[in-house]
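[1] this one's sequence-less:
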């Protein structure tokens, strides 16, 4: 049940978009159509699902104070936490490069429509935020960290697909000229954030 709680919390309560406003640049830029939003959302789930567990292992087996004791008694006092941010970014960049190559190989149309925002997943603050939240919350097992990563990814996916679907419908609505484009998108995002606050307190 703890794993389910972590997953549900990542999707609804600690949603990367609506609770922490992480990954807003890609969220706003790629959410013009459901097709591109769906592709980027799935890519974010994949990247989070891979990078957070890898960074968890890196954190607990290499970077933490005393994590290197498996190399011998001389390494018990070694603390490499100062390198956490650099190492996390390196792992994220490597995984994003892998995703980019896979999408380019199997879906050239999606690769073309995502454009510059696909490689920008490497600097998407939602991805790095997942690794840093994992480090801050000190999950006891890699399974818990993976559950959190998948929940966060699914939450981000739901957010971008939902706003994309709404933006497609809004094209046929009578939106005041001053609010067309990003203006109405910001307003809808705020309302969706308030709606997601209704999920606070959920515990299975």
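    Great, that's in hand. None of the values given here were measured: they were computed from a predicted structure.
[2] may I see the buried residues of the helix or strand bottoming out on mean pLDDT in the chain?
    None of the helices or strands of the chain scores lower by mean pLDDT, DSSP states H and E than helix 108-114, at a mean of 79. Buried residues in helix 108-114, counted by 16 or more other CB atoms under 10 Å: 110-111, 113-114. (Glycine included, C-beta is placed from N, CA and C.)
[3] and the helices in this structure?
    Counting by DSSP state H, one finds helices in the chain at the ranges 2-8, 24-29, 34-58, 84-106, 108-114, 125-137, 142-170, 182-196.
[4] other SSEs contacting the longest one?
    What it means is helix 142-170. In terms of contact count using 3 or more CB pairs under 8 Å, 6 or more residues apart in numbering; DSSP states H and E, helix 142-170 is assigned the packing partners helix 2-8, helix 24-29, helix 34-58, helix 125-137, helix 182-196.
[5] looking at those, which is nearest to residue 18?
    Closest to residue 18 of the helices and strands packed on helix 142-170, according to CB to CB: helix 182-196, at 3.9 Å.
[6] which outside residues touch that closest one?
    Helix 182-196 has contacts (CB atoms under 8 Å, 6 or more residues apart in numbering) with 12-13, 15, 17-19, 27-28, 31, 159, 162-163, 166-167, 170, 175, 179.
[7] so among those residues, which ones count as buried?
    Burial by neighbour count, 16+ other CB under 10 Å: within the contacts of helix 182-196 this picks out 12-13, 15, 17-19, 27-28, 31, 159, 162-163, 166-167, 170.
[8] tell me both backbone torsions, phi and psi, for residue 175.
    phi -90, psi 130 (degrees, to the nearest 10).
[9] skipping adjacent residues, who's closest to it in space?
    Residue nearest to residue 175 in three dimensions, not counting chain neighbours: residue 184, with 5.3 Å by CB to CB, 6 or more residues apart in numbering.
[10] re earlier: can you list the helices of the chain in CSV and add distance to residue 76?
    Formatted as CSV, the helices of the chain follow (distance: least, CB to CB, whole Å):
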stretch, distance to residue 76
helix 2-8, 31
helix 24-29, 42
helix 34-58, 18
helix 84-106, 19
helix 108-114, 46
helix 125-137, 21
helix 142-170, 23
helix 182-196, 44
